[in-house]
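[1] coords please:
(one chain, ligands or ions: 1)
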Amino acid sequence: MTLVGKRVLLIVSGGIAAIKVPELIRLLRKQGAGVTCVLTDNGAQFVTPLSLQALSESKVYADLFSLTDESEMGHIQLSRSADLLVVAPATANILAKMAVGLADDLASTVLLATDKPVLVAPAMNVRMWLHPATQANMTTLTARGVQVIGPDEGAMACNEFGPGRMSEPPAIVAAIGSLLTSRARPLAGKHAIVTSGPTHEPIDPVRYIANRSSGRQGHAIAAALADLGARVTLVSGPVTVPDPPGVAVRRIESAAEMLDACQTALPADVAVFAAAVADWRVDNAATGKIKKQAGAAAPALNLVPNPDILATIAAAGPRRPRLVIGFAAETDDLLANAQSKLRRKNADWIVANDVSPATGIMGGLDNAVHIISHAGVEDWPMLAKDEVARRLAARIAEALA
Ligand code: C5P
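    Predicted coordinates for the structure are as follows:
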């Protein structure tokens, strides 16, 4: 990838992740991009104008009412001088200002005045990110076409753990690259939820019930949707496949947690339920490890049904995504079962695959699927899971167009 000749206006707001901005500038410059920084007052608490200026080799703008700046370059001109505006880190505060259209400093004014594409890299405490106010602001911004990268999940400076870490500079540079190279992005402005992987249902704190799902197909679908420009929330059970680039990953273990994460992520334009959710969980999982006792009978596990995540989200009334897609993994009567699933779960499409051991599909790299909709059945040939994902994402883009 090269960014030679591309100009990025980098808006740095006030979060601890601002300490990663010098590295971001260095990587952008290495790709040949020109970088000009706008620093908020709070951003300047974490990174100095001098370091940004030295690395970008360009004047750093901070003050809306600086007469010198206005004589050299007005804020309107500044807002349109670049090919792309990048807000990194984007705090809850600046995202809220963008969502309501406040313009009380140079950064927010430039963001309101621009006619250029905008990419935000959110960074904040996990509670602030998950707060309904922030999530509603993200929905507003995404619907307006603002592009989003991250946030990542992990340990935070505030000693908490969860989604809220700013994406790493190489991932932000990759996202900038894909925005600035002219590719079709038919899903720009759309939000997709994808579930992937197995669920783990606890028996006690150390034991669980699981299945053989690898998460490959679900992760590939999340990546393909992001590649077409969608903002993607990937709700994933425990898997070893890597996180797809440019996707916000929510890691969960049980079906109950998966449902909760999906509901938190609503509203969405499309939801793809590719996870192999356990049908049952252990009623009253033990809070301490169940001890093996000599001579005693093996413990009986009392199983109760898990919530059906697909059916619950498909019945979400006004919050139902426009397009709800389920999977059907069957070993017998594939099409009949998939068709009844389509109706029973109120899905729009079911992607059906035969997971008999002889097919090698479960855990493998290839997949042969049938797309079942109210219009009929379509058979796709055996394809790599990545290619199934690309074709499905293209279909989704057509359906949402
Ligand atoms: O009923 P069955 O598990 O075969 O249905 C498969 C489809 O339903 C998949 O899309 C799967 O992700 C979804 N599902 C779900 N929640 C469950 C069970 C299945 O979302 N508890």
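[2] going forward, measure contacts and count neighbours with C-alpha atoms only.
    Noted.
[3] where in the stretch 1-150 of the chain is pLDDT low?
    Across the stretch 1-150 of the chain, the ranges flagged by pLDDT under 70 are 1, 67-72.
[4] number of residues surrounding the residue in it positioned nearest to the ligand?
    Here the stretch 1-150 of the chain gets closest to the ligand at one residue, L130, 21.9 Å apart by C-alpha to the nearest ligand atom. Residues within reach of L130, counting by other C-alpha atoms under 10 Å, total 17.
[5] give the contact list for it.
    Neighbour list for L130: T264 [criterion: C-alpha atoms under 8 Å, 6 or more residues apart in numbering].
[6] can you check C37 too?
    Taking C-alpha under 8 Å, 6+ apart, one finds L9, L10, I11, V12, L52, Q53, S56, S58, K59, V60, Y61 in contact with C37.
[7] separation between the first one and Q77?
    It refers to L9. From L9 over to Q77 the distance is 12 Å, taken as C-alpha to C-alpha, to the nearest Å.
[8] more neighbours, these two?
    Neighbour count, other C-alpha under 10 Å: between L9 and Q77, L9 has more, with 22 against 14.
[9] tell me if I'm right that that one and L84 touch.
    Yes. If you go by C-alpha atoms under 8 Å, L9 and L84 touch, sitting 6.3 Å apart.
[10] re the thing from before, helices - which of the contacts of C37 land there?
    L52, Q53, S56 (DSSP state H).
[11] nearest to V173, of those?
    For those, the residue nearest V173 by C-alpha to C-alpha is S56; the value is 14.8 Å.
[12] is it true that that closest one touches K30?
    No. Between S56 and K30 there is no contact under C-alpha under 8 Å: 10.7 Å.
[13] these two: which has the busier surroundings?
    A direct count of neighbours by other C-alpha under 10 Å for S56 and K30 places S56 higher, at 20 against 13.
[14] for P163, give its distance to the ligand.
    22 Å (C-alpha to the nearest ligand atom, to the nearest Å).
[15] hey, what's that residue bridged with?
    E153 (DSSP bridges).
[16] burial count for it?
    The number of residues near P163, taken as other C-alpha under 10 Å, comes to 26.
[17] that one is in contact with G154, isn't it?
    Yes. P163 lies in contact with G154 (C-alpha under 8 Å); the separation is 6.5 Å.
[18] who touches both of those two?
    By C-alpha under 8 Å, 6+ apart, no residue touches both P163 and G154.
[19] please, which helix or strand holds the residue nearest to G101 when sequence neighbours are not counted?
    In space, and not counting its chain neighbours, G101 is closest to L112: 6.3 Å by C-alpha to C-alpha, 6 or more residues apart in numbering. If you go by DSSP states H and E, L112 is part of helix 106-113.
[20] name the helices or strands packed onto that helix?
    Helices and strands touching helix 106-113, by 3 or more C-alpha pairs under 8 Å, 6 or more residues apart in numbering; DSSP states H and E, are strand 34-39, helix 75-79, helix 92-100.
[21] what's the first helix or strand after that helix?
    strand 118-122.
[22] ok, now how distant is L3 from A174?
    10 Å.
[23] follow-up on the earlier one: which of the helices and strands packed on helix 106-113 is buried the deepest?
    When you average the neighbours per residue for each of these (mean count of other C-alpha atoms under 10 Å), strand 34-39 leads with a mean of 24.
[24] any idea how many residues pack against V21?
    23.
[25] ok, it - contacts?
    Contacts of V21 by C-alpha under 8 Å, 6+ apart are V12, A88, P89, P169.
[26] closest to T287 among the residues you listed?
    Of these, the one sitting nearest to T287 (C-alpha to C-alpha) turns out to be P89, at 39.8 Å.
[27] how is this protein divided into domains?
    Here the domain parsing of the chain from automatic domain parsing is 7-180, 191-400.
[28] which other helices and strands does the strand or helix carrying A389 contact?
    For A389, the host element (DSSP H and E) is helix 385-400. The elements that helix 385-400 packs onto, with contact taken as 3+ C-alpha pairs under 8 Å, 6+ apart, are helix 216-227, strand 366-367.
[29] now mean pLDDT too, for these, in a markdown table please.
    Converted to a markdown table, those look like this (pLDDT from 0 to 100):
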| stretch | mean pLDDT |
| --- | --- |
| helix 216-227 | 95 |
| strand 366-367 | 84 |
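[30] so which of those is the most surrounded?
    helix 216-227 (a mean of 27).
[31] what's that one in contact with?
    185, 187, 192, 194-197, 231-234, 241, 243-247, 273-275, 363, 365, 385-386, 389-390, 392-393.
[32] in strands, which of these fall?
    With strands taken from DSSP state E, the overlap with these comprises A192, V194, T195, S196, R231, V232, T233, L234, F273.
[33] got a list of what the last one touches?
    Which is F273. V194, T195, S196, G218, L310, V324, I325, G326, F327.
[34] go with 6 Å
    By C-alpha atoms under 6 Å, 6 or more residues apart in numbering, the contact set of F273 is V194, T195, G326.
[35] next, P89: phi, psi?
    phi -70, psi 150 (degrees, to the nearest 10).
[36] got it, and D115?
    According to degrees, to the nearest 10, D115 has phi -120, psi 20.
[37] quick one: name the residues of the chain near the ligand.
    Applying C-alpha under 6 Å from any ligand atom, one finds that the chain approaches the ligand through 273-277, 279, 306-310, 326-329.
[38] among these, the buried ones, what's the PyMOL command?
    Those of those that count as buried under 16 or more other C-alpha atoms under 10 Å are selected in PyMOL with:
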select buried, resi 273+274+275+276+277+306+307+308+309+310+326+327+328+329
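[39] and V351, that one's in a helix?
    No. The assignment for V351, made by DSSP: H, G, I helix; E, B strand; the rest coil, is strand rather than a helix.
[40] that one against A329, yeah?
    No. Using C-alpha atoms under 6 Å, V351 is not in contact with A329; the gap is 8.6 Å.
[41] intersection of neighbour lists for the two?
    Common neighbours of V351 and A329 (C-alpha under 6 Å, 6+ apart) do not exist.
[42] so of the contacts of V21, which ones are in strands?
    V12, A88, P89.
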